[in-house]
Structure formats: C-alpha cells, structure tokens
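> Quick one, structure for this:
(one chain, ligands or ions: 1)
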Amino acid sequence: MKPADLIWMNGEFVAWEDAKVHVLTHALHYGTGVFEGMRCYDSEIGPAVFRHRDHLTRLGRSAELYYMPTPYDVETLRAATLELIGRNGLRSCYVRPIMFRGYGQMGLNPLDAPVDVSIAVWEWGAYLGDEGKQTGIRTKVSSWRRISPQSLIPAAKASGQYLNSVLAKIESTKAGYEEAILLDDHGHVCEGSGENIFVVWEGRIITPPPAASILDGITRKSAIQIATDLGFEVIERDIARAELYTADEVYMTGTAAELVPVREVDDHTIGDGTPGEVTRAVQSAFEDALHGRSERYREWLDPVPTRAAAKVA
Ligand SMILES: Cc1ncc(COP(=O)(O)O)c(C=O)c1O
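Predicted coordinates:
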C-alpha cells in the first residue's frame, strides 16, 4: 500500500503515521465496525468519486443495522472525503471510510463504547489485476458458505462479517485461483469474496437477487442499469452451481475489482475462455461511466471541488 499524506479522523486531518487506535478498541476485538469502499477516478471532469452519496448512505444503513449512532451525516462525510482527496493531491484513489466502536468499553455489549470515524485514501490499482480485467480470472467455488441471514446481516458491510470472505479468499489463493465464489446456505450461487456475480445465458444476464444473502453492491446496481440501457434483459433469480459451468459468460463486479470477466470456474472453461461479447459491452460502458466519458451517467460522479482539486499537483 502506498501511504498518502493525511487521514481524516473524527473531524480532523492527521498525518498518515499518526492515524492510530488503542489496542482495546472494541472493533479490533469484536468486529464492531462498518465501512465502505469507494473509488475516485481521474475522470473527464477532473478527480471524481463514483456514486459517493450511495456509498455513504449504505454506510449509514450498515451502522443502523448494528445499533451504531452515526456521529457525522452523509454530507459532512462527503465534504471531508472530497477535501481529503484534494489535500492529499490525489487524482485517483481508493477511499475507505470506517465507523467503529472505539476505546472505553470491553465486553460484548458495545452500546456504551464511543463511535469513531475515519476516512483513508490511497492509490490502489485494479484489485484483481489489470490483466484479470482484460483476459478474465480463474475462480473456485469455496467450501465456505456465505454468511447466513439467520446469523448475520448480509446486506450490511460490517467488519466482523468479513472473516467469512477472508476464509474463502485464503482458500482460493492457496489453491492457486484468483477469486472465490461463495454459495449461500441453500447452495445457490451468491457472490465473490468481495464482488457480486453475473452469468450470461443465450444473451440474457442473470444475477442472484438481493434476498440471496448478497451485499447489494453499488457496482452491481450500476452494471444492471448499464446492461438494461444497452438493451440486455437482466433477470434476478437463484443460480445453481452447475449453471456457472455451462454459462456462456460470467463476470464479477465490485468497487475494488470493478468489472472483471471470469474465464474459469472450478477448472471449467467459460465460453471459449476469453471475455464474451456481453461482458465486453457492459464492461466498456461501465469504464466510460467511471471515467466521465459518458454523458448519460455523469450524475454518478461527484467531482472533487476545484478549490480542493487545485491542491492536486
Ligand atoms: C462481499 C461483497 N460483495 C459485493 C461487493 C461489491 O459491492 P460494491 O459494488 O458496492 O463495491 C463487495 C464490495 O464492497 C463485497 O465486499
């Protein structure tokens, strides 16, 4: 990770190396944090955060689901993020806001622990690699099931929940694959360790519905909108594991990974082993949206104000 100069912590801009917490921070022990992953792109209209308010709204929803009062509203966090990007002189970066139960109370009841908030930004290339985005990735269905809605809250983006993704990621990495695909507790295809999943069958696009224990991804929503606008039929329904193997095309979406074609699942080649036509069409329109090349999706970009952008070298 390439450090930036500044991090925003509880309303202050502090030096990267000073952004520290106590070892008895509640979230460190019990996973009581909620977070977001966003990206700022060096777009046609200058540095701009993709679907900024949508991500911060989801952050607030995740906090509420874990009974965490939010010390800052969406507009305050939004302004802080834009200023932070400007002050760090970054034109494109990953953005990680986190709200977590801090220091002062141990034990499982977090309600008396303070809530701390920080926002970090850093330069981060394609999560699954540039080559992965071009030629597709190799994936493996995990032996770990995606967290059940009967035990946790799949729709929340909460720190502790990610131990599930971490186990799946380690398993797939050790086995030599680039990403894991998790099934839900009914055995249906759910999502990747940090991405949603889409399958293409005879020109139609199929993806698991929000009720299928997925994180309702903001990239997923954008990719559905783009595919629909391109004239494709998008169907939300349960997907059986073997449908992955016989699909014409498979792709995954997420803020960190962006839109990534899948070329293999469990050593079955998808299509002819290269990204298919539908994947390419949606990916290309999505990249245009991210970089402000598409008038139609400009409203998804939240530009870093000129004053802050002026600090960008
Ligand atoms: C488990 C999981 N599913 C899906 C996604 C994709 O969500 P988004 O497109 O909002 O980044 C992510 C990434 O945040 C994730 O961690």
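> Report the secondary structure state of Leu182.
Here Leu182 is recorded as strand under DSSP: H, G, I helix; E, B strand; the rest coil.
> ok, now which ones touch it?
For Leu182, the contacting residues are 141-142, 144-146, 164-165, 168, 190-193, by Cβ atoms under 8 Å, 6 or more residues apart in numbering. Bear in mind the C-beta positions are built from the backbone N, C-alpha and C, glycine included.
> ditto for Ala289
50, 222, 226, 296-297, 300.
> Please check those residues and keep the buried ones.
Neighbour counting over those (16 or more other Cβ atoms under 10 Å) leaves 50, 222, 226, 297, 300 as the buried ones.
> And the pLDDT for the last one?
Looking at Trp300, its pLDDT reads 98.
> Just put the contacts of Ala289 in CSV and tack on distance to the ligand.
As requested, the contacts of Ala289 are exported to CSV (distance: Cβ to the nearest ligand atom, whole Å):
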residue, distance to the ligand
Phe50, 10
Ser222, 8
Ile226, 13
Arg296, 19
Tyr297, 15
Trp300, 12
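> farthest pair in those residues?
The distance between the two most remote of those (Cβ to Cβ) is 14.4 Å, for Phe50 and Arg296.
> before we move on, back to that, give me the subset of the contacts of Leu182 lying in helices.
Among the contacts of Leu182, the ones falling in helices (DSSP state H) are 164-165, 168.
> the helices in the stretch 1-150 of the chain, which residues?
Using DSSP state H, counting those that start in this stretch, the helices of the stretch 1-150 of the chain run over 26-30, 52-65, 74-87, 130-135.
> Centroid-nearest residue for this structure?
Central residue of the chain (Cα atoms, centre = their mean): Thr255, 3.9 Å from the mean position.
> which residue sits closest to that one, ignoring its sequence neighbours?
Gly37 (4.6 Å; Cβ to Cβ, 6 or more residues apart in numbering).
> Near the ligand, which residues of the stretch 51-200 of the chain? Just list them.
By the rule Cβ under 6 Å from any ligand atom, the part of the stretch 51-200 of the chain lying against the ligand is 165, 191, 194-196.
> List just the nearest of the residues you listed to Asp266.
Nearest to Asp266 among those, with distances taken as Cβ to Cβ, is Glu191, at 16.0 Å.
> Just the CA coordinates for stretch 120-133, please, in PDB.
Provided in PDB are the C-alpha atoms of stretch 120-133 (Å, rounded to 0.1, in the frame of the first residue of the first chain):
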ATOM      1  CA  ALA A 120      -8.400   6.900   4.500                       C
ATOM      2  CA  VAL A 121      -7.400   7.300   0.800                       C
ATOM      3  CA  TRP A 122      -4.600   5.700  -1.100                       C
ATOM      4  CA  GLU A 123      -3.600   4.900  -4.600                       C
ATOM      5  CA  TRP A 124      -4.700   1.400  -5.400                       C
ATOM      6  CA  GLY A 125      -4.700  -0.300  -8.900                       C
ATOM      7  CA  ALA A 126      -7.200  -2.900 -10.100                       C
ATOM      8  CA  TYR A 127      -7.800  -5.300  -7.200                       C
ATOM      9  CA  LEU A 128      -7.700  -8.500  -9.300                       C
ATOM     10  CA  GLY A 129      -5.100  -7.100 -11.600                       C
ATOM     11  CA  ASP A 130      -5.200  -5.200 -14.900                       C
ATOM     12  CA  GLU A 131      -4.600  -8.500 -16.800                       C
ATOM     13  CA  GLY A 132      -7.600 -10.000 -15.000                       C
ATOM     14  CA  LYS A 133      -9.800  -7.200 -16.200                       C
END
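> got the contact list for that stretch?
1-4, 7-8, 19, 40, 81, 84-85, 88, 90, 92-96, 98, 137, 178-179, 194, 254, 256-261, 283.
> Beta-bridge partners for Val14, please?
Ile7 (DSSP bridges).
> was I right about it contacting Ala4?
No. Under the criterion of Cβ atoms under 8 Å, Val14 makes no contact with Ala4, lying 11.5 Å away.
> Neighbour count: the two, which is higher?
Ala4 (19 against 14; other Cβ atoms under 10 Å).
> pLDDT of the helix or strand hosting Ser172, averaged?
Secondary structure from DSSP states H and E places Ser172 in helix 162-174. Mean pLDDT, computed over helix 162-174, is 98.
> And that helix, what's buried?
In helix 162-174, counting by 16+ other Cβ under 10 Å, buried: 162, 164-165, 167-169, 171-172.
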